[in-house]
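A.B. asks: Build me a model from this:
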Amino acid sequence: MGAYPPGKRLDESELLTEFGVSRTPLREALIQLGSLGLIELRPRRGAVVVQLGPQQLIEMFEVMGELEGMCGRLAARRITEKEQDELLAAHQACKEASDSDGTDAYYYANERFHYAIYAASHNSFLATEARQLHRKLRVYRRLQLRLRNRVANSFAEHDGVVAAILAGDGELAHERLRNHILIQGERFGDLVASIPLLAA
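C.D. replies: Residues are numbered from 1 along each chain as shown. A predicted model of the protein is given here:
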């Protein structure tokens, strides 16, 4: 994750050597990545990691916020006892990662947390769409965690989301998850200013 920054051209020969595979499975993998919107396949020029502009980022995070909010609303109504345990375990993993100041550890715990909410929505179509957009925004969501105080703030926001879901308050869960995902104002400015770090 993050090994290939946005805008990087993917050289087939280098990838064949790096992964030790033949050309056919490599090309199939590139086609799959292209269908997910993670790379752009250019005729006779190869594959390039997708680079999103500021307007695209805003639009995608807006949609992500609504998808997450819908998952939260449904999860508040439909979550099972076992899924509550998984959500709390994922939340605890986020706490441990945030206490250790490890943004990578927090990133993976955070993904587990959000995926637990998607599953608890009991709407497989919605969960699939949320996971797919989550993957497209992965590198930018990860980059956000490097911003000052973002990990601590993210965990505090998770606290509110968990409380709303466990209380069965779908509207509050929707609102808190949507606000958790949206990047506006200073937060968006900080993210855009940090994007050049991806190429470093």
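
A.B. asks: The chain: helices as residue ranges?
C.D. replies: 12-19, 23-35, 54-78, 81-99, 103-120, 124-136, 138-144, 150-166, 170-181, 185-194 (DSSP state H).

A.B. asks: mind putting those in CSV, mean neighbour count and distance to V48 included?
C.D. replies: Using the backbone N, CA and C atoms, a C-beta is placed for each residue, glycine as well. Shown next, in CSV, are those (neighbours: other Cβ atoms under 10 Å; distance: least, Cβ to Cβ, whole Å):
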stretch, mean neighbour count, distance to V48
helix 12-19, 12, 12
helix 23-35, 13, 10
helix 54-78, 19, 15
helix 81-99, 16, 32
helix 103-120, 21, 24
helix 124-136, 15, 15
helix 138-144, 19, 14
helix 150-166, 19, 28
helix 170-181, 20, 27
helix 185-194, 13, 20
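
A.B. asks: can you list the domain ranges for this protein.
C.D. replies: In terms of domains, the chain is parsed into 9-49, 54-199 (source: automatic domain parsing).

A.B. asks: ranking those by mean pLDDT, which is last?
C.D. replies: Note on the domains of the chain: domain 9-49 shows the lowest mean pLDDT, a mean of 79.

A.B. asks: Straight-line length of that one, end to end?
C.D. replies: Start and end residues of domain 9-49 are separated by 6 Å (Cα to Cα, to the nearest Å).

A.B. asks: any chance of the helices of the chain in TSV, plus distance to R44?
C.D. replies: As requested, the helices of the chain are exported to TSV (distance: least, Cβ to Cβ, whole Å):
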stretch	distance to R44
helix 12-19	12
helix 23-35	14
helix 54-78	25
helix 81-99	44
helix 103-120	36
helix 124-136	25
helix 138-144	26
helix 150-166	41
helix 170-181	38
helix 185-194	32
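
A.B. asks: Out of the ones you listed, the one nearest P43 is which?
C.D. replies: Minimum separation from P43 across these (Cβ to Cβ) falls at helix 23-35, 12.0 Å.

A.B. asks: Contacts for the closest one, please.
C.D. replies: Outside of helix 23-35, the residues within contact range by Cβ atoms under 8 Å, 6 or more residues apart in numbering are 10, 12, 15-16, 19, 39-41, 47.
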